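> got a predicted structure here, sequence first:
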Amino acid sequence: MKRILSALLLSCMLISTLYAYNQGANSYSPLYTDRKNKLVGVYSMVGRVSSDSTLSIEGFESQKHSLKETPIGFGVQVGYLLSENHRLLLNYEQFLKKHGFSHQLLTLGYAITPLVPNTQNLRLLLGLNVGVVMASFDSGSFTINDSSMGGLDFMGTTYGVKGGFLYNTGAGEIEFGIQARKLDLGVESGEIAVNNAPTKSSLDLSDTSSTNFFLGYNFLF
């Protein structure tokens, strides 16, 4: 996860340099020069969520558990194009429930979209985003030694980067790429049965991350 974030951040720096170098290049595109500067988009996602979680049970030593899921999801975004090469984005993402776990995100982001040299319809997409994340485990979905916890609801913060491409179709954009995020879901308390007796417990999901591939379409107006 850290390597992916570092690589994408380095890419942002390199692309910013490339953009400055190509300021004088021809980047004509009616979609942008006609000042269609508002955006509504929809997209689908598939990827992996990983967590080095800590389970604490009253009267016992804390336990480390590595949790992994590969959910699919969908997202919607609205945005404003500051120029051909800079945009602000507001995104909502919903990942479908799998094995009793689901999560949603609401993020605010900024992206640079320089034209790929020697093209008129293909742009790079490099962005940063921050926001809030909400997640839940259904009752009975988190099980240890045949004992299961009740339902848990988490809420925390998220930040991440994304990289990809935009292809101008004339009426809008096809958007595709990869995004990586840190999900700090924090700690939630509940109960788990120990020797058939309800016992206080807590689950720490602070060290959670996700990586997703996305594909979508943006309408500009």
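Here it is on my side, so go on.
> who touches Y43 in this structure?
If a contact means CB atoms under 8 Å, 6 or more residues apart in numbering, then Y43 has F74, G75, V76, Q77, E175, F214, L215, G216, Y217 as its contacts. Where you see a C-beta, it was placed from the backbone N, CA and C, and this is true even at glycine.
> highest neighbour count among those residues?
Most neighbours among the contacts of Y43, by other CB atoms under 10 Å: E175, with 24 neighbours.
> and that one, what is it in contact with?
The neighbours of E175, taking CB under 8 Å, 6+ apart as the test, are G41, Y43, L125, G164, F165, L166, Y167, F214, L215, G216, Y217, N218.
> check which helix or strand covers it.
Element membership for E175 (DSSP states H and E) is strand 172-184.
> ok, now V49?
strand 38-57.
> partner strands of that strand and their direction?
strand 63-69 (antiparallel), strand 72-83 (antiparallel), strand 197-204 (antiparallel), strand 208-220 (antiparallel) (DSSP bridges).
> the nearest residue to I72 once chain neighbours are set aside: neighbour count?
Nearest residue to I72 in three dimensions, chain neighbours excluded: V46, at 4.9 Å (CB to CB, 6 or more residues apart in numbering). As a burial measure, V46 scores 13 neighbours (other CB under 10 Å).
> then F95?
Count around F95 with other CB under 10 Å applied: 23.
> which residues does it bridge with?
With DSSP bridges as the rule, F95 is bridged to G73, H103.
> that one is in contact with H103, isn't it?
Yes - judged on CB atoms under 8 Å, F95 makes contact with H103 at a distance of 5.3 Å.
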